[in-house]
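In: let's see this in three dimensions:
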Amino acid sequence: MARLLVIGGGIAGTAAALALHKAGQEVAVYEAHPDSAEDIGAFLTLASNGLRALAQLDATPAVTAIGFPLTTMRLLDAEGGEVARAPLGEADDPGLRYRCLRRGELNTALQAEAARRGIGVVHGARLASVESGSEGVTAHFTDGSTATGDLLLGADGLNSTVRRVTAPAAQPRYAGQRVFYGYTALGPAAGEDEAACITMIRGSAAAFGHTTSPDGETYWFARVTADVPLTADEIAHATPTQWRDLLVPLLRKDATPAADIVAATTAPVLVTNATEMPCGTPWRSGRTLLIGDAAHAASPATGQGASMALEDAVILAKCLRDAPDTESALTHYEALRRPRVEHNTTVSGNISRGVHTPPPRTPGNAPPARPVEELTRQLEWTAALR
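Out: Okay, the predicted model is just below:
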């Protein structure tokens, strides 16, 4: 049995710990944040593929106890007219329905599940350096403590310390949009046809999305194209109403509910830059492996970041469980994951930049791949990985 160190107790890291524990590995998680509620301001959607991965970790009840399901997506144009409506993912299966949740609540639920299973999660452990050798890998933390294992997983997000110390040339890049998130209980009332529905708006000045929880709170986001990203100083020193006051005039250009929803938002609005890791970023160095956003962060346009991280967790654990040695396990893992996650990064980045993504090409006259069926087989815990 190998000992694995997971740096980062967010979605990717805690899910990886759950999967590795289920695969019979010894695992411990080290999180820099002093508690589990990191990124409490943002929300996300878990797609059907992410929920399928979650089910393989036997963690579905822990997550479906929070948030709310989404079964339908509708699309409005800038005039407020509905141009499309479709079911979301595998809406007919209650266990695989899209789910909208606050990121901090999801972190807390996964960490509580890890603790329930006896997996150690150490908070306040900020990584300083990594020392990798033939006999093992040692994590050095800023408080002077250390931890040694056979493999170290960098699951510490977009600004990964593990990546900085193992692949310093690999840097995130701006994907062309500023992204805003907010909540309001004072927005326009949702109609009966909007229950469990997320509405996407193709606005003239912003892409906008909103959904209303069963208790009447509206969750919303806006993606605004900008040539340059906001600086950390601009984000840190924004006034409580600055982002709302910036967005409302942009959204008033269109005859949609977006401006009224943002205007009704009294709590501070969260803003971040749409950022991605370039395709081809190295994931491995010695006894370290990057997973989740640390390896393949994408702009949020496809809404797949958390679901891709959950897929990573299951497939990595299966590779380590089934391969004859760690080297072949990691080689197999990267061969399986890189094409899928980098396709998502490309598609999501192109959406943010307003660029069309051509359909994938197949060599010769080969029939097109069946990615959904193949992914389902890869995620099935009892199925062997080819």
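In: helices of the stretch 1-150 of the chain, start to end?
Out: In the stretch 1-150 of the chain, the segments counted as helices under DSSP state H, counting those that start in this stretch are 11-22, 48-56, 60-64, 103-116.
In: just name the most buried of these.
Out: Highest mean neighbour count among these (mean count of other C-beta atoms under 10 Å): helix 11-22, with a mean of 27. Backbone N, C-alpha and C define where each C-beta goes, glycine included.
In: tell me which other helices or strands that helix touches.
Out: If you count contacts as 3 or more C-beta pairs under 8 Å, 6 or more residues apart in numbering; DSSP states H and E, helix 11-22 packs onto strand 3-7, strand 26-31, helix 48-56, helix 103-116, helix 305-322.
In: OK, contacts around the closest residue to residue 304 other than its chain neighbours?
Out: Of all residues not flanking residue 304 in the chain, residue 344 sits nearest, at 5.2 Å (C-beta to C-beta, 6 or more residues apart in numbering). Residue 344 makes contact with 296, 298, 302, 304, 308 under the criterion C-beta atoms under 8 Å, 6 or more residues apart in numbering.
In: residue 43: which of these is nearest?
Out: residue 304 (14.7 Å; C-beta to C-beta).
In: that closest one contacts residue 298, doesn't it?
Out: Yes: counting by C-beta atoms under 8 Å, residue 304 does reach residue 298; the two are 6.8 Å apart.
In: overlap in contacts, the two.
Out: With C-beta under 8 Å, 6+ apart as the test, residue 304 and residue 298 both reach 344, 348.
In: looking at these two, which one has more neighbours?
Out: The residue with more neighbours, out of residue 304 and residue 298, is residue 298; 27 against 23, by other C-beta atoms under 10 Å.
In: what secondary structure does that one sit in?
Out: coil (DSSP: H, G, I helix; E, B strand; the rest coil).
In: next, give phi and psi for it.
Out: phi -130, psi 160 (degrees, to the nearest 10).
In: for residue 78, see how far away it is.
Out: Distance of residue 298 to residue 78, computed by C-beta to C-beta, to the nearest Å: 26 Å.
In: one step back: quick one: the residue nearest to residue 304 is in a helix?
Out: Yes: with three-state DSSP as the criterion, residue 344 is assigned to a helix.
In: could you check how far it is from residue 94?
Out: For residue 344 relative to residue 94 (C-beta to C-beta), the value is 25 Å.
In: partner strands of the top strand by length along the chain, with direction?
Out: What stands out as the longest strand in the chain, according to DSSP state E, is strand 173-184. Counting by DSSP bridges, the strands paired with strand 173-184 are strand 218-225 (antiparallel), strand 270-276 (antiparallel).
In: beyond the shortest one, next helix or strand please.
Out: Think strand 270-276. strand 284-285 (DSSP states H and E).
In: picking up where we left off before, how about the contacts of residue 344, which pair is most distant?
Out: Farthest pair in these, by C-beta to C-beta: 296 and 302, 12.3 Å.
In: these two: who's more crowded?
Out: Using other C-beta under 10 Å as the criterion, residue 296 and residue 302 rank with residue 296 on top: 25 against 18.
In: residue contacts, that one?
Out: Residues in contact with residue 296 (C-beta under 8 Å, 6+ apart) are 277, 281, 308, 337, 338, 341, 342, 344, 345.
In: please redo it, this time with the cut-off set to 10 Å
Out: 276-279, 281, 283, 290, 305, 308-309, 312, 337-338, 340-342, 344-345 (C-beta atoms under 10 Å, 6 or more residues apart in numbering).
In: pretty sure residue 76 contacts residue 208?
Out: Yes: assessed by C-beta atoms under 10 Å, residue 76 is found in contact with residue 208 at 8.8 Å.
In: between the two, what contacts are shared?
Out: Counting by C-beta under 10 Å, 6+ apart, the residues touching both residue 76 and residue 208 are 199, 200, 201, 202, 254, 256, 257, 258.
In: for burial, what's the neighbour tally of the first one?
Out: Other residues within reach of residue 199, judged by other C-beta under 10 Å, total 23.
In: which strands and helices lie in contact with the lowest-mean-pLDDT helix or strand in the chain?
Out: Within the chain, no helix or strand scores below helix 371-379, which has a mean of 90 by mean pLDDT, DSSP states H and E. Helix 371-379 makes packing contacts with helix 48-56, helix 305-322, helix 326-353 when contacts are defined by 3 or more C-beta pairs under 10 Å, 6 or more residues apart in numbering; DSSP states H and E.
In: got the angle for the longest one vs strand 3-7?
Out: This means helix 326-353. Helix 326-353 and strand 3-7 are oriented at 20 degrees to each other (axes from the mean of the first three to the mean of the last three C-alpha atoms, to 10 degrees).
In: how about helix 326-353, which residues are buried there?
Out: 326, 329-330, 332-334, 336-338, 340-342, 344-345, 347-352 (16 or more other C-beta atoms under 10 Å).
In: how near is residue 232 to residue 373?
Out: Counting by C-beta to C-beta - residue 232 and residue 373 are separated by 43 Å.
In: actually, residue 271.
Out: For residue 271, the distance to residue 373 - C-beta to C-beta - is 39 Å.
In: which one of the two has more residues nearby?
Out: More crowded of residue 271 and residue 373, by other C-beta under 10 Å: residue 271, with 21 against 9.
In: isn't the more buried one up against residue 179?
Out: Yes: under the criterion of C-beta under 10 Å, residue 271 makes contact with residue 179 at 7.0 Å.
In: give me the domain ranges for the chain.
Out: If you go by automatic domain parsing, the domain ranges for the chain are 3-67+104-172+277-356+363-379, 175-276.
In: first-to-last residue distance for the shortest one?
Out: Think domain 175-276. 6 Å (C-alpha to C-alpha, to the nearest Å).
In: and the gap between residue 149 and residue 325?
Out: 16 Å.
In: looking at these two, which is more packed in?
Out: residue 149 (20 against 9).
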